[in-house]
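Chemist: Take this sequence and fold it.
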Amino acid sequence: MKNTLGNSVAVTLFGESHGAEIGAVIDGLAAGITVDEEYIAKKLTLRRPAGAISTARAEKDPFRIVSGVFNGKTTGTPICILIPNGDTKSKDYSETRFLPRPGHADYTAYKKYHGYEDYRGGGHFSGRITAALVAAGAIAEKALEAKGIAIGTHIKACAGVTDTEFTDIKKDITYLNDKVFAVLDEDTEDKMKRAIEAAAKDGDSVGGILESAVVGLPAGVGEPWFDSLESALSHGLFSIPAVKGVEFGEGFAFADMRGSKANDPFAICEGRVVTKTNHNGGINGGISNGMPLIIRCVVKPTPSIYKEQDTVDMKDGTERILQIQGRHDPAIVHRARVVADSVIALVLCDMLSLKYGTDFLGE
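Modeler: So this is what the prediction gives:
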C-alpha cells in the first residue's frame, strides 16, 4: 500500500479511523522553517465537525510533533506528527462487518487485503486520516506564506446553491482562511447550511464543489508531460476521500469556447508579464505562468446515509438490505476545504523544492 505523496518534499500518512493514533511524516522539508503550533491547531479546527451539518464524532485532535522540529524550527530531518483517536464507537461496525456500504471502500478493501483490513469506521480509507494531512499541510502553508505564496478555498457550490466568484483574490483568501464555513457571501452560507440540514433530516447527504486559488506562485514551476503542475496537483487532490473530479481554470467549460476566447492574451503590468484574462488558471504547458492558480474539485455526497440500501453479504454471497447506524456527515465539502488547501500546499512545496533546491523554503 503506497501512502506517500511527493518527491523532494514527501508526506506519508498512517493510521486507521478507530486505531490508537493517526499521523503523518514529512520528509525533505528544508531546515529553518518556522513551525507555528497555534496555526496547526487553527487549521485542525477548520476540519472538525460543525454542529448539525456534520458528524457527531467529536475529536479534539491534540497533536504531538515528536521529531524534526527543535526550538520552533524545522531541523531538516523527518517531521513526525501524531494525533490520537479518542471518540470512537467501534461496535457500530461489528454487526455489518461483511456488508459493504455502497459508495465506500469496504468491498474493494476486502478484496485487496483479503479480510485483514481494519474495517472499523472505514479504517485507513476514512476521512479521519485527513486530520494528519491537515497538520502536515499547515507546516507547508506557513513555509509558502514566508515566500509570499497564499492559498485559499471556498465552497463554490453545495446542494444546488452557488457562492459568488473570486474578485480580489488575495483579499478573498485572507477572508476565507478565517472562516469556519468558507464562502464569500454570507447569504450563501445560510442557504447552503439549510440545504445540508434538510438532507440530514431526510437521512440523506449532499456533495459540492471546492474552488481553490493560489497567489504569489512564480512563473516557471512545473514540468512538461507526466510531472506537470496540473498532474502533481491532481494526484494529490484525487487522494482526498470523496473527490471525484478536478479541473483547472475554465476546466470542462473549455468544451463550449472558441480559442479566441479561451486564450489568455499577454501584457506588461508594472514591468511584469501578466495575462489579461486567466481562463487557463495560471498554468500553460503544465508550468505556472505567474497568474493565480484556479483549481476546482468535485466532492461527492457522503456515502454514509441513513436510508435502506441494497448490498451483499461477502461471507455467504447472498443479497442483503443494509441500514447503517453510527455517526456520519450529511456533507463533508465544508470540512474538506482545509484538506484541499493542505494538499495544494504540500504539492507546491515539493514542486518548488524540485525547481529551486531543497533549501529554497528555508529561512
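
Chemist: Report the rounded mean pLDDT for the longest helix seen in the chain.
Modeler: Identified as the longest helix of the chain according to DSSP state H is helix 333-356. Mean pLDDT, helix 333-356: 97.

Chemist: Now do that helix: distance to the chain's middle.
Modeler: The chain centre lies 8 Å from the centre of helix 333-356; the measure is C-alpha atoms, centre = their mean, to the nearest Å.

Chemist: Could you do stretch 183-190 as well?
Modeler: 21 Å.

Chemist: Test my guess that His235 contacts Thr4.
Modeler: No: using C-beta atoms under 8 Å, His235 is not in contact with Thr4; the gap is 11.3 Å. (Glycine included, C-beta is placed from N, CA and C.)

Chemist: So between those two, which is more surrounded?
Modeler: His235 (15 against 11; other C-beta atoms under 10 Å).

Chemist: Now do the more buried one, the pLDDT please.
Modeler: pLDDT recorded at His235 is 97.

Chemist: How about the contacts made by it?
Modeler: 5, 347 (C-beta atoms under 8 Å, 6 or more residues apart in numbering).

Chemist: by how many degrees do the strand or helix carrying it and helix 333-356 diverge?
Modeler: Per DSSP states H and E: His235 is located in helix 229-237. Angle of helix 229-237 versus helix 333-356, following axes from the mean of the first three to the mean of the last three C-alpha atoms, to 10 degrees, is 130 degrees.

Chemist: could you point out where the chain is predicted with low confidence?
Modeler: Counting by pLDDT under 70, the chain shows low-confidence ranges at 1, 56-58, 88, 90, 92.

Chemist: Recalculate using a threshold of 80.
Modeler: Residues of the chain that meet the criterion pLDDT under 80 lie in 1, 49-52, 54-59, 87-94, 325-327, 363.

Chemist: ok, which stretches of it are helices?
Modeler: With DSSP H as the criterion, the chain has helices at 37-47, 91-94, 106-113, 130-145, 169-176, 186-201, 229-237, 259-262, 333-356.

Chemist: Redo the ones you listed as a markdown table? Include distance to Thr275.
Modeler: Listed next are the helices of the chain as a markdown table, based on distance: least, C-beta to C-beta, whole Å:
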| stretch | distance to Thr275 |
| --- | --- |
| helix 37-47 | 31 |
| helix 91-94 | 51 |
| helix 106-113 | 42 |
| helix 130-145 | 22 |
| helix 169-176 | 14 |
| helix 186-201 | 28 |
| helix 229-237 | 16 |
| helix 259-262 | 12 |
| helix 333-356 | 20 |
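
Chemist: how about those helices, which one is nearest Gly208?
Modeler: Minimum separation from Gly208 across the helices of the chain (C-beta to C-beta) falls at helix 333-356, 3.4 Å.

Chemist: returning to that earlier point: indicate which one of the helices of the chain is closest to His154.
Modeler: Nearest to His154, of the helices of the chain and by C-beta to C-beta, is helix 169-176 at 5.3 Å.

Chemist: now the closest one against helix 333-356, angle please.
Modeler: Counting by the same axes, to 10 degrees, helix 169-176 points 130 degrees away from the direction of helix 333-356.

Chemist: Please state the offset of helix 169-176 from the chain centre?
Modeler: The answer for helix 169-176 is 18 Å, by C-alpha atoms, centre = their mean.

Chemist: Report the contact partners of Ala143.
Modeler: By C-beta under 8 Å, 6+ apart, Ala143 lies in contact with 29-30, 33, 345, 349, 361.

Chemist: Let me know the outermost residue of this protein.
Modeler: Taking C-alpha atoms, centre = their mean, the residue of the chain most remote from its mean C-alpha position is Asp316, at 37.2 Å.

Chemist: so what's that one up against?
Modeler: For Asp316, no contacting residues are found, by C-beta under 8 Å, 6+ apart.

Chemist: Try it again at 10 Å.
Modeler: Counting by C-beta atoms under 10 Å, 6 or more residues apart in numbering, Asp316 makes contact with Phe98.

Chemist: if I look at it, how far off is Glu308?
Modeler: Here Asp316 is placed at a distance of 20 Å from Glu308 (C-beta to C-beta, to the nearest Å).

Chemist: Next: Ile26.
Modeler: Counting by C-beta to C-beta, the separation of Ile26 from Glu308 is 43 Å.

Chemist: And for Gly115?
Modeler: Counting by C-beta to C-beta, the gap from Gly115 to Glu308 is 25 Å.

Chemist: repeat for Pro265
Modeler: Taking C-beta to C-beta as the measure, Pro265 falls 56 Å from Glu308.

Chemist: before we move on, what about Ala213?
Modeler: Computed as C-beta to C-beta, the Ala213 to Glu308 distance reads 41 Å.

Chemist: Look at these two and report which has more neighbours.
Modeler: Between Ala213 and Glu308, counting by other C-beta under 10 Å, Ala213 is the more crowded of the two (22 against 11).

Chemist: Spit out the contact partners of the more buried one.
Modeler: Contacts of Ala213 (C-beta under 10 Å, 6+ apart): 150-154, 166, 169-170, 172-173, 176, 281-282, 292-295, 344.

Chemist: Just the buried ones from the residues you listed?
Modeler: Using 16 or more other C-beta atoms under 10 Å as the burial test, those include 150-154, 166, 169, 172-173, 176, 281-282, 292-295, 344 as buried.

Chemist: right, so of the helices of the chain, which gets closest to Thr277?
Modeler: helix 259-262 (8.5 Å).

Chemist: Extract the C-alpha set from that closest one and format it as PDB.
Modeler: In PDB, the C-alpha atoms belonging to helix 259-262 read as follows (Å, rounded to 0.1, in the frame of the first residue of the first chain):
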ATOM      1  CA  GLY A 259      -9.800  29.600 -29.000                       C
ATOM      2  CA  SER A 260     -10.200  33.300 -29.400                       C
ATOM      3  CA  LYS A 261     -11.900  33.400 -26.000                       C
ATOM      4  CA  ALA A 262     -10.100  30.600 -24.300                       C
END
